[in-house]
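Undergrad: Next comes the sequence, and after it the predicted model I'd like to discuss.
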Amino acid sequence: MNVQGMKTECSSGRKNISLSRVSRRVPVSTLAGVRVRSEGNARADLARGLMPLALGNIGMKMPESKRSIAVRAGADPPDVPKRDGRQGGREWLQSILSRFGPIREKSSNTTVLDFEKPLVELDNRIKEVRTVAEENGVDVTDQIKELEERARKLRQDTYSRLTPTQKLQVARHPNRPTFLDIALNISDKFVELHGDRGGLDDPALVCGLGSIDGISFMFIGHQKGRNTKENIYRNFGMPQPNGYRKALRFMRHADKFGLPIVTFVDTPGAYAGKNAEELGQGEAIAVNLREMFGFRVPIISVVIGEGGSGGALAIGCANRNLIMENSVYYVASPEACAAILWKSREKAGAATEALKITSSDLLRFGVMDESIPEPLGAAHTDPMGAFPAIKEAVMRNYRMYENMSADEIMLDRYNKFRKLGMFEEYLVRGGDREGAKDALSKAPGAKTKAGTYAPTSDDAEFLEMMADMEEKWEATLQDKQEWLMKPETPAPGFNSPGLLELAVAAAEAEGKSIGVSNFSQTNEHAGSNGSSFENAPLH
């Protein structure tokens, strides 16, 4: 046996000998009364634990007092299974894993919004009543059921009357499910992918492959953090340009291999820092907007928190735009809007009301196509109850495009965004806008040659003209004509760059008028005489 760094010393003053040199031939009397001298407490403890083994190898028994010390010093750590038979390996493992089970009670430092405080107080009162009843052996089941029913009705009444400002607070709640929470719970498998093929990555925008019910999807979404450290790492869910380029890379990958794309929007907006602008933030967003309209696979977008400005739209140009019940979607944050219009952030509440950012307003305006219901008390109080609704909505909307061709999918996406907004189309002649609107209201109606309805005959004539131009353009593309109106070219012999301009300038300097036809005659005359251009006279 070899023990590094330890020596033994006989109590009778004999020479020090190393334990590594101890063998069975050493007389027992040589090691009588052995005591350990080490350079540190750790080594001494190790030596005490190994001493019974060393003495056992040489056939020597330790005194009872020293044996007990060695046993105490060499006792197993608390996490090692006991060998006395009182607890087996399975029971020990279960006792360790039980410490990491799901929480039974919500932490006291969980973020509570102002309008949620009465609900939290009522929940705490129910817990107190249940605890007191269990301690005293009193049956208060009926009273607890009555309190729970009151809490449910109060919660339902509170969340059914949320103001836009309160919905904004719910959408920004730190306990709200994030993109990774949703992706890992609605998918059977999920693999995160990294990199924009330019040497950069962005933790604020996460991409990955996932499968739901055996169908593969490309998942792309904004990712926020739970605490300050995570938010700093995720940049508070505000992507850099390389994040949007990463998203575009994987959307192109999905388009190439025919994978449906599902995006999850949860960002206050694209990062507006100096470094982001230097890397081309606006260009990265603009390229995403352009490219997403050309993808041949269906795109489904889900707003799971807040969707701000172009940072949300850069992954939100979809065939179907879904929004969770308590999420918001805006062109500018209420704080930024108040600072621009009222020069004060104190007007953020008024800006929230005016922007119409809630799910009900967005559905009414046609910006969103469907609202995903949340559990009672919003998704941050019951995340596991929100995941099935998201999964069902995503799969149901995907089935709508499962049998469509690539052209039909692209046309559906194009028409969706063409219909956004509130506008009127009518012809105005001579700037008389009011007269045109009055004539439109009194118009009997007309039809084109193809049978298309138009309010007036002028409108029908205009539609026919536009249709003829479109047919002409399609025919031109099919014939692959190089020019619609081929420009006139100079006569042969005058194709050298700048030569024609030089001749015209020289003629004008002499006060003579000259054109292309004159040059043509000059060139022919020069060619027949075998002379060069430089010797040809100018007419």
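TA: Structure received.

Undergrad: Quick check: closest non-adjacent residue to Gly308.
TA: Leaving aside its chain neighbours, Gly308 sits nearest to Gly269 (3.8 Å; criterion: C-beta to C-beta, 6 or more residues apart in numbering). Glycine gets a C-beta too; all of them are placed from N, C-alpha and C.

Undergrad: what helix or strand is that neighbour on?
TA: Element membership for Gly269, per DSSP states H and E: none, as it lies in no helix or strand.

Undergrad: gap between it and Tyr329?
TA: Per C-beta to C-beta, to the nearest Å, Gly269 is found 12 Å from Tyr329.

Undergrad: Spell out which residues are contacts of both of these two.
TA: Ala312 (C-beta atoms under 8 Å, 6 or more residues apart in numbering).

Undergrad: ok, the two, which is more surrounded?
TA: Tyr329 (26 against 20; other C-beta atoms under 10 Å).

Undergrad: what helix or strand is the more buried one on?
TA: Element membership of Tyr329, judged by DSSP H and E, is strand 328-330.

Undergrad: same question, Leu93
TA: Judged by DSSP H and E, Leu93 forms part of helix 89-97.

Undergrad: again, but for Glu464
TA: If you go by DSSP H and E, Glu464 is part of helix 457-479.

Undergrad: Buried by neighbour count: which residues of that helix qualify?
TA: For helix 457-479, a neighbour-count test (16 or more other C-beta atoms under 10 Å) marks 458-460, 463 as buried.

Undergrad: Tell me which residue is most central in the chain.
TA: Centroid-nearest residue in the chain: Gly221, 1.7 Å away (criterion: C-alpha atoms, centre = their mean).

Undergrad: show me the contacts for it.
TA: 179-180, 182-183, 205-206, 263-266, 304, 315.

Undergrad: can I get those in CSV with distance to Gly199 and pLDDT?
TA: Shown next, in CSV, are the contacts of Gly221 (distance: C-beta to C-beta, whole Å; pLDDT from 0 to 100):
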residue, distance to Gly199, pLDDT
Phe179, 24, 94
Leu180, 24, 94
Ile182, 29, 94
Ala183, 25, 94
Leu205, 16, 94
Val206, 18, 95
Thr263, 24, 96
Phe264, 26, 96
Val265, 26, 95
Asp266, 26, 93
Ile304, 30, 94
Ile315, 21, 94
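
Undergrad: Nearest to Glu402 among those?
TA: Nearest to Glu402 among these, counting by C-beta to C-beta, is Thr263 at 18.3 Å.

Undergrad: now do the same end-to-end measure for stretch 184-203.
TA: With C-alpha to C-alpha, to the nearest Å as the measure, the first residue of stretch 184-203 is 17 Å from its last.

Undergrad: Just the residues contacting it, thanks.
TA: For stretch 184-203, contacts defined as C-beta under 8 Å, 6+ apart pick out 183, 206-214, 217, 219, 223, 233-235, 239-240, 242-243, 245-246, 249-250, 384, 387, 390-391, 394.

Undergrad: before we move on, back to that, which phi and psi does the residue nearest to Gly308 have?
TA: Main-chain dihedrals, Gly269, degrees, to the nearest 10: phi 150, psi 170.

Undergrad: Would you agree it is in contact with Gly311?
TA: Yes - judged on C-beta atoms under 8 Å, Gly269 makes contact with Gly311 at a distance of 4.3 Å.

Undergrad: okay, and the common contacts of these two?
TA: Contacts common to Gly269 and Gly311, judged by C-beta under 8 Å, 6+ apart, are Met238.

Undergrad: can you map out the helices along the stretch 151-300 of the chain?
TA: Under the criterion DSSP state H, counting those that start in this stretch, helices of the stretch 151-300 of the chain are mapped to 164-171, 179-186, 228-233, 241-257, 274-278, 281-292.

Undergrad: buried ones in the last one?
TA: Okay, so that is helix 281-292. Residues of helix 281-292 classed as buried under the neighbour-count rule (16+ other C-beta under 10 Å) are 281, 284-285, 287-288, 292.

Undergrad: cool, and the fourth one?
TA: Within helix 241-257, the residues that qualify as buried by neighbour count (16+ other C-beta under 10 Å) are 241-251, 254-255.

Undergrad: And for the shortest one?
TA: The neighbour-count check on helix 274-278 (16+ other C-beta under 10 Å) flags Ala276 as buried.

Undergrad: Next, the buried residues of stretch 167-182.
TA: For stretch 167-182, burial by neighbour count (16+ other C-beta under 10 Å) applies to 167-173, 176-182.

Undergrad: hang on, the earlier thing: helix or strand right after the strand holding Tyr329?
TA: Immediately after strand 328-330, counting by DSSP H and E, sits helix 334-341.

Undergrad: Kindly spell out which helices and strands sit in contact with that next one.
TA: Taking 3 or more C-beta pairs under 8 Å, 6 or more residues apart in numbering; DSSP states H and E as contact, the helices and strands that helix 334-341 lies on are helix 348-355.

Undergrad: tell me what the helix it packs on is packed against?
TA: Packing contacts for helix 348-355, counted by 3+ C-beta pairs under 8 Å, 6+ apart, involve helix 164-171, helix 334-341.

Undergrad: between those helices, which one is nearest to Arg433?
TA: helix 334-341 (28.2 Å).

Undergrad: where does the stretch 351-500 of the chain have low pLDDT?
TA: 422-427, 480-484, 486-500 (pLDDT under 70).

Undergrad: Now Val302: closest residue in space that isn't a chain neighbour?
TA: Using C-beta to C-beta, 6+ apart, the nearest residue to Val302 is Leu322, at 4.6 Å.

Undergrad: quick one: the strands in the stretch 301-450 of the chain?
TA: Ranges of strands within the stretch 301-450 of the chain are 320-324, 328-330, 370-372, 446-447, based on DSSP state E, counting those that start in this stretch.

Undergrad: Give me the contacts around the first one.
TA: The set of residues that contact strand 320-324 without belonging to it, under C-beta under 8 Å, 6+ apart, is 298-305, 307, 329, 359, 362-363, 367-372, 374, 379, 386, 390, 393-394, 397, 400.

Undergrad: dump the residue contacts of the residue lying closest to Ala312 once chain neighbours are set aside.
TA: Leaving aside its chain neighbours, Ala312 sits nearest to Val265 (4.6 Å; criterion: C-beta to C-beta, 6+ apart). Listed by C-beta under 8 Å, 6+ apart, the contact set of Val265 reads 221-222, 301-305, 307, 312, 315-316, 329.

Undergrad: out of these, which are inside helices?
TA: Ala312 (DSSP state H).

Undergrad: Give the closest residue to Lys391 in space, chain neighbours not counted.
TA: Ile186 (4.0 Å).

Undergrad: Retrieve the pLDDT associated with Phe300.
TA: Actually, residue 300 is Ile. It isn't Phe. If you check Ile300, the pLDDT there is 96.

Undergrad: what about it, how many residues close to it?
TA: Neighbours of Ile300 (other C-beta under 10 Å): 24.

Undergrad: and what of Leu279?
TA: 17.

Undergrad: Please apply the same query to Leu154.
TA: 13.

Undergrad: thought it was touching Pro118?
TA: Yes - under the criterion of C-beta under 8 Å, Leu154 makes contact with Pro118 at 6.8 Å.

Undergrad: What residues does Pro455 make contact with?
TA: Neighbours of Pro455 in contact, by C-beta under 8 Å, 6+ apart: 426, 440, 443, 445-446.

Undergrad: and which of these is nearest Asn415?
TA: Tyr426 (21.0 Å).

Undergrad: Asp266 is in contact with Ile304, correct?
TA: Yes - the pair Ile304 / Asp266 is scored as a contact, 5.0 Å apart, by C-beta under 8 Å.

Undergrad: Give me the neighbour count for the nearest residue to Gly349 once chain neighbours are set aside.
TA: Excluding the flanking residues, the one nearest Gly349 by C-beta to C-beta, 6+ apart is Thr165, at 5.1 Å. Using other C-beta under 10 Å, Thr165 has 15 other residues around it.

Undergrad: I'd like to know the predicted local confidence at Thr165, please.
TA: Value for Thr165, per-residue pLDDT: 91.
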